[in-house]
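**Q** Sequence and computational prediction follow.
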Amino acid sequence: MQLHTQRFGSRMIHAGLRLSLATLGIISLGRLVSAAVAETAAPIIPPLTDVQNSSGSKTEKAVFAGGCFWGVQAVFQHTKGVTSAVSGYTGGTPAAPSYEQVSSGATGHAESVEITFDPKQISYGRLLQIYFSVAHDPTQLNRQDPDEGTQYRSEIFATSDAQQRAADAYIAELDKARAFPHPIVTKVEPLKAFYPAELYHQDYATLHPDSLYIAAYDLPKIANLKKLYPEFYREQAVLVGGDQQ
């Protein structure tokens with residue numbers, strides 16, 4: 001059996017010992033409820049400044065980091081207009097890092113998701129709106145829920161000057177509107193390179209819905225997307241593996 005690791009707080013558990021809700025039973029119930037409460041989200045204003053598709057290209061790319069990439073990927077896999085969402089690493093060195101290297105916190109890379117989208121169906125600004133309000137908490141510095149370290153930081157990697165300007169402007173708008181109880185800590189910088197993560201990290205939330213981590217921290221994000229932005233929600237996730245579920 002191929003072994004890979006799964007998050008549970010700051011500990012790592014082999015997949016062969018993966019914990020399920022059924023085996024944890026009532027002991028895990030309080031923890032799950034607390035996590036679900038932590039994942040509550042509220043709608044926020046859309047950005048005043050958006051990116052116009054002046055090139056006429058059929059697809060564009062966006063790269064977001066916001067904690068564990070499993071949940072960020074899952075949210076955008078359920079977003080209309082997104083044709084691909086790939087978990088990976090960006091923002092540091094070396095090139096093409098491994099999960100073990102990034103998890104050490106010494107590479108400067110962040111767990112991130114490369115999103116390919118159809119600008120005729122959804123704009124970059126709307127992706128930003130979902131990113132800030134549903135995909136993660138932009139007020140947590142170098143952490144997200146139980147995961148700590150710079151590899152879990154909140155950061156936008158702009159693929160163009162227009163994306164950089166739109167992201168910077170939106171952060172200023174949200175802070176001015178006091179959209180969150182604490183200041184936004186999200187960084188914005190130009191994308192240099194994106195490296196896809198290992199295959200076992202792709203489509204993780206869809207393939208492992210019985211995982212305690214997924215049930216506690218990621219499924220509520222998908223539910224919030226459906227609740228807050230039903231016009232952008234789709235039931236079937238677009239998967240890296242090619243099938244839709």
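**A** Sure, I can see it.
**Q** and the longest helix along the chain, how far out from the chain's middle?
**A** Assignment by DSSP state H gives helix 161-176 as the longest helix of the chain. Helix 161-176 sits 18 Å away from the centroid of its parent chain (C-alpha atoms, centre = their mean, to the nearest Å).
**Q** Give me the buried positions along it.
**A** Across helix 161-176, burial judged by 16 or more other C-beta atoms under 10 Å covers 162, 163, 164, 166, 167, 169, 170, 171, 173, 174. Placement of C-beta: from N, CA and C, glycine included.
**Q** To what extent is residue 230 buried, counted in neighbours?
**A** Residue 230 is flanked by 8 other residues according to other C-beta atoms under 10 Å.
**Q** how close does it sit to residue 137?
**A** Relative to residue 137, residue 230 is positioned 22 Å away (C-beta to C-beta, to the nearest Å).
**Q** what does residue 47 give?
**A** Applying C-beta to C-beta, the value for residue 47 to residue 137 is 18 Å.
**Q** Would you report the backbone torsion angles of residue 154?
**A** phi -90, psi 120 (degrees, to the nearest 10).
**Q** isn't it right up against residue 65?
**A** Yes: using C-beta atoms under 8 Å, residue 154 is in contact with residue 65, at 6.7 Å.
**Q** which secondary element of the protein has the worst mean pLDDT?
**A** Here the helix or strand of the chain ranked lowest by mean pLDDT, DSSP states H and E is strand 11-14, holding a mean of 36.
**Q** Can you show me the strands along this protein?
**A** 5-8, 11-14, 60-66, 82-90, 110-117, 143-144, 147-148, 154-158, 187-190, 194-196 (DSSP state E).
**Q** Of those strands, which is nearest residue 133?
**A** Smallest distance to residue 133 across these (C-beta to C-beta): 11.3 Å, for strand 60-66.
**Q** Could I have the CA atoms of the closest one written out in CSV?
**A** Extracted in CSV, the C-alpha atoms of strand 60-66 (Å, rounded to 0.1, in the frame of the first residue of the first chain):
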residue,chain,number,x,y,z
GLU,A,60,-7.1,33.0,-17.8
LYS,A,61,-5.2,31.9,-14.7
ALA,A,62,-5.2,32.9,-11.1
VAL,A,63,-3.0,31.6,-8.2
PHE,A,64,-4.1,31.8,-4.6
ALA,A,65,-2.6,30.6,-1.4
GLY,A,66,-4.8,30.4,1.7
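**Q** partner strands of that strand, parallel or antiparallel?
**A** With DSSP bridges as the test, strand 60-66 is paired with strand 110-117 (antiparallel), strand 154-158 (antiparallel).
**Q** so residue 41 makes contact with residue 132?
**A** No: the pair residue 41 / residue 132 is not scored as a contact, 9.7 Å apart, by C-beta under 8 Å.
**Q** Neighbour count: the two, which is higher?
**A** When residue 41 and residue 132 are compared for neighbours, residue 132 comes out ahead with 27 against 20, by other C-beta under 10 Å.
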